[in-house]
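Asks: I'd like to go over a predicted model; first the sequence, then the structure.
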Amino acid sequence: MRKTIFILAMLLFLVSTSNGSEIKFHVTLSGSGELHPGDDKPITILIQNEGKVTDFVINENTSSILPLLTTAKSLRVELDVGNAPITIQTHQPLLLGDLPSGMVARALFRVRVSENAKLGDYTLNLKLRYNKVEYSILNQTPVISYREESDIESLKVSITKKDYDFSIVSLNSSLIAGKEGKVDVVIRNTGKRDMYDAILIINTTPPISPNPKAMTAFLGDLEVNREAKASFKVFVLEGALNQTYPVSFILKFKTSSDLPLALAKSAGLKIEDKATFTARVVESLLTSPQTISRQSTSSPSKLGIGMQTPERRAEVSTIPSRGFVRVIIKNNGEDVRDAEAVLKFSNPLIQAENSPYIGYFRHGEERDLLFYIKSSAPPGSYRATLFLRYKNMLGDEEVSKPIFIDIEEKSESPVKIKEIITRNIGVGLTGSIVLSIENTLNSGITNAEFTAVSPSPALTILSPVSFVEEIIEGGRREIKFRISVSDDAVNGTYRIYLIERYDVDGAEDLVSISSIPIVIQSKLAHFELLSVKSNLYPDETGSVEVEIRNSGSFVAHDTVVELEVTPPLKIAGGGSLGGMFGASNAGKYFVGTLKPGGRAIAKFRLDVDKEAGAGSYPVTIKVKYYDSDGYLHTSNPITASVVVKEKSMITPVTLTAIFLALIAILAGIKFARNRKRKMER
């Protein structure tokens, strides 16, 4: 047993041997490692590979791969700040590439230190990921493999105060375009050292201009953490927009060694528009759009040799809705002219179609603005931005500050469908749908146009438009549409869409969409052929009897059975012109009212051509009838056959002629005998 274990161990040792390699990193921060509150700058991290190998046999075959075993392949680094008040602004991770042993790589990260960062020491973790190369000999064959490794190295940073620094504690101003205003600022010495003979200067750019008589303030000595207040006067040029403009505060001072220094901080001054506007929504109406899936047929694709089939696919389209929002806007500022209101939505699926023109807009005046809204967005609440473009009294173009308003898009149309009545809506039939609609608005609806749309090819809207002049508040009206159902339709529930276009309170061409379910029944009037009896001979006029049954659930009024024949058959009494050209001609038989389950026999007279041979000939039977609404329908054609029998040699006429001939012969014989007797006497 021991001998067997020893042999297996030796075989394992001979089959596989590998080296021992180790990759370690030494990570340091370039520089002092100090950061200050408010810093926004890059830091550099030095990464050194201290990789080494052990138990590696070097010869002419292996010496060339030694550097590969200690190289960190595809080195990626990522800096984790932990709980430090620091934000990494560099996209991570950073790819540094291959790092051989003994080499140093630089990783540059841009960091931002919080203005209110707590002073002290913090630990940053540098996460390193790389691919390590491993070398082994398997069955006396060198094998190289890659394995992903990771490491985490810690770095120490200190957040300390600057020797000399200051911060803006507060900044207050009331600045209006075209006027002079006052700026109050409070600063604090946030550095490590005191400042002496401090002077604060305000520095601005157009459209803000400092007053030369009030653009500096002497603050005196500023001990650490001491606050000081300064006031300045600035003038705002005409035409300044309602926004924030940059301003700089320059602090000049001396150090304890009487060395002059200067520091600067930037801030923002807000300019108020001299024409301030307020707005409120007084009325809005917006409903959701409707997404329709239509079935379409594309070009045929080959399924096999000589076989093609058309491809059906669904095309999705959206019918947008159109509503309105009425806004009253007031001018609380100075007079403006050529004013134009603009309404914009953050959602691109909702758009305002117009920008109402106001013109001259006086102080204290109110205007009623009507915006038309087109929407392809789902129902919900949406925020819009209202602003005015105008010219001041000097002719400069300006834009007001935005006014935010919320608009609700409802899921249901204000025209509510109270009842759906369907008549004769069945497979292969043409029927009607009557809708009872109600106005749910607090005002009347006028010039209402309703358009029915069917996404299914099985339904065809024959009269798709219905017009209603007026629907009073809470009133009801009826609208009607004619619908044809395909013979290929399958009974079940289908859906059509009602596009409603109407006017409300001066708002024109508003659009909302409603969805209407319709139940398609199996064939309501279906006619079954029970029998066809014929008595036809060549060169004679014969009869045909057709018996039918209404096997549907629909009463057929004024039913007419039509029989169509082709040469050598012809409807008796009809013209011969159609037969000369081989065209079919039809005979009609009035049946009248045929209730469900009722039977009727239609009788026809046919002329048979003398050249017709004995046999079966095809005929086509159709049934025409009226529904309860007075609309004409035609059943599917039924093909049957009639039999022309061979003409018998002995006919009734022939028998009559033979009988008369026999009588004549007998009479002649008798006459001859009587004459002979007389002569003999």
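Replies: Received, thanks. Computed from a predicted model, the values in this text were never measured in an experiment.
Asks: wait, residue 642 sits on residue 616?
Replies: Yes. In this structure, residue 642 is within contact of residue 616 by CB atoms under 8 Å, at 7.0 Å. Just so you know, the C-beta spots here come from the backbone N, C-alpha and C atoms, and that holds for glycine as well.
Asks: which of the two has more neighbours?
Replies: residue 642 (22 against 11; other CB atoms under 10 Å).
Asks: quick check: closest non-adjacent residue to the more buried one.
Replies: Closest residue to residue 642 apart from its sequence neighbours, by CB to CB, 6 or more residues apart in numbering: residue 534 at 3.9 Å.
Asks: neighbours around that neighbour, how many?
Replies: Neighbour number of residue 534 under other CB under 10 Å is 22.
Asks: give me phi/psi at it?
Replies: Dihedral angles of residue 534 (phi, psi; degrees, to the nearest 10) stand at phi -140, psi 150.
Asks: with residue 379 instead?
Replies: Dihedral angles (degrees, to the nearest 10) for residue 379: phi -60, psi 150.
Asks: give me the neighbour count for it.
Replies: 16.
Asks: and it, what does it touch?
Replies: 287, 288, 409, 410, 411 (CB atoms under 8 Å, 6 or more residues apart in numbering).
Asks: which pLDDT value belongs to it?
Replies: On the pLDDT scale, residue 379 is placed at 92.
Asks: count the residues that sit near residue 259.
Replies: 8.
Asks: where does it fall, phi/psi-wise?
Replies: phi -90, psi 120.
Asks: so what's residue 514 bridging to?
Replies: Note on residue 514: beta-bridge partners by DSSP bridges are residue 498.
Asks: any buried residues in stretch 367-387, and which?
Replies: Of the residues in stretch 367-387, 367, 369-377, 379, 382, 384, 386-387 count as buried by neighbour count, 16 or more other CB atoms under 10 Å.
Asks: over to stretch 449-467?
Replies: Judged by neighbour count (16+ other CB under 10 Å), stretch 449-467 contains these buried residues: 450, 451, 452, 453, 454, 455, 456, 458, 459, 461, 464, 466.
Asks: which one of these is nearest residue 502?
Replies: residue 450 (8.7 Å; CB to CB).
Asks: surely that closest one touches residue 465?
Replies: Yes. Contact status for residue 450 versus residue 465: in contact at 7.1 Å, counting by CB under 8 Å.
Asks: so which strand or helix has the closest residue to residue 202 other than its chain neighbours?
Replies: Nearest residue to residue 202 in three dimensions, chain neighbours excluded: residue 232, at 4.4 Å (CB to CB, 6+ apart). Assigned by DSSP states H and E, residue 232 belongs to strand 227-236.
Asks: just residue 665 next, same as before
Replies: Using DSSP H and E, residue 665 falls in helix 652-680.
Asks: same thing with residue 264?
Replies: With DSSP H and E as criterion, residue 264 is part of strand 260-272.
Asks: that strand vs strand 227-236, what angle?
Replies: 50 degrees (axes from the mean of the first three to the mean of the last three CA atoms, to 10 degrees).
Asks: list the buried residues of strand 260-272.
Replies: Buried, per 16+ other CB under 10 Å, within strand 260-272: 263, 265, 269, 271, 272.
Asks: just curious, which of those residues is nearest to residue 241?
Replies: Closest to residue 241, out of all of the buried residues of strand 260-272 and judged by CB to CB, is residue 271, at 7.0 Å.
Asks: distance check, that closest one against residue 172.
Replies: 14 Å (CB to CB, to the nearest Å).
Asks: check residue 676 too.
Replies: In terms of CB to CB, residue 676 sits 165 Å off from residue 172.
Asks: same thing with residue 397?
Replies: 30 Å.
Asks: what is the neighbour count of residue 670?
Replies: Neighbour tally, residue 670, other CB under 10 Å: 10.
Asks: next one, pLDDT for it please.
Replies: 76.
Asks: on that earlier part again, any idea of the mean pLDDT for the next helix-or-strand element following the strand holding residue 264?
Replies: Next along the chain after strand 260-272, taking DSSP H and E as the criterion, comes strand 277-285. Across strand 277-285, the average pLDDT comes to 90.
Asks: residues in contact with strand 277-285?
Replies: Taking CB under 8 Å, 6+ apart as the rule, strand 277-285 contacts 323-333, 368, 386, 388, 400, 403, 405-408, 414, 441, 504-505, 507, 510.
Asks: now, of those residues, which are buried?
Replies: 323-327, 329-331, 333, 386, 388, 400, 403, 405, 407, 414, 504-505, 507, 510.
Asks: among those, name the ones in strands.
Replies: 323-327, 329-331, 386, 388, 403, 405, 407, 504, 507, 510 (DSSP state E).
Asks: which SS state does the closest residue to residue 641 other than its chain neighbours fall under?
Replies: Excluding its sequence neighbours, the residue lying closest to residue 641 (CB to CB, 6+ apart) is residue 616, at 4.2 Å. Classification of residue 616 using DSSP: H, G, I helix; E, B strand; the rest coil returns strand.
Asks: and residue 616, what is it in contact with?
Replies: Taking CB under 8 Å, 6+ apart as the test, what residue 616 contacts is 641, 642, 643, 644.
Asks: give me the ChimeraX select line for those, limited to the buried ones.
Replies: The following ChimeraX line selects those of the contacts of residue 616 that are buried, judged by 16+ other CB under 10 Å:
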select :642,644
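Asks: residue 199: which of the contacts of residue 616 is nearest?
Replies: For those, the nearest to residue 199 is residue 641 (119.4 Å; CB to CB).
Asks: can you spell out which residues form a bridge with that closest one?
Replies: Bridge pairing for residue 641 - DSSP bridges - gives residue 618.
Asks: mind listing what's buried in the helix or strand hosting residue 560?
Replies: Using DSSP H and E, residue 560 sits in strand 556-565. The neighbour-count check on strand 556-565 (16+ other CB under 10 Å) flags 556, 559, 560, 561, 562, 563, 564, 565 as buried.
Asks: could you find the closest non-adjacent residue to the fourth one?
Replies: Yep, that's residue 561 we're talking about. residue 602 (3.8 Å).
Asks: and for residue 133, the neighbour number?
Replies: With other CB under 10 Å as criterion, residue 133 counts 18.
Asks: check residue 195 too.
Replies: With other CB under 10 Å as criterion, residue 195 counts 26.
Asks: repeat for residue 570
Replies: 21.
Asks: what of residue 238?
Replies: Neighbour tally, residue 238, other CB under 10 Å: 14.
Asks: which SS state does it fall under?
Replies: coil.
Asks: list the contacts of it.
Replies: 177, 178, 392, 394, 396.
Asks: tell me how far it lies from residue 334.
Replies: Taken as CB to CB, the span from residue 238 to residue 334 is 12 Å.
Asks: what touches both of these two?
Replies: residue 392.
Asks: what about the stretch 351-500 of the chain, any weak spots by pLDDT?
Replies: Within the stretch 351-500 of the chain, the stretches with pLDDT under 70 are 394.
Asks: dump the buried residues of strand 556-565 into JSON lines; add pLDDT and distance to residue 153 as well.
Replies: Conversion of the buried residues of strand 556-565 to JSON lines gives the following (pLDDT from 0 to 100; distance: CB to CB, whole Å):
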{"residue": "556", "pLDDT": "84", "distance to residue 153": "93"}
{"residue": "559", "pLDDT": "90", "distance to residue 153": "97"}
{"residue": "560", "pLDDT": "91", "distance to residue 153": "99"}
{"residue": "561", "pLDDT": "91", "distance to residue 153": "99"}
{"residue": "562", "pLDDT": "91", "distance to residue 153": "98"}
{"residue": "563", "pLDDT": "90", "distance to residue 153": "101"}
{"residue": "564", "pLDDT": "90", "distance to residue 153": "97"}
{"residue": "565", "pLDDT": "89", "distance to residue 153": "102"}
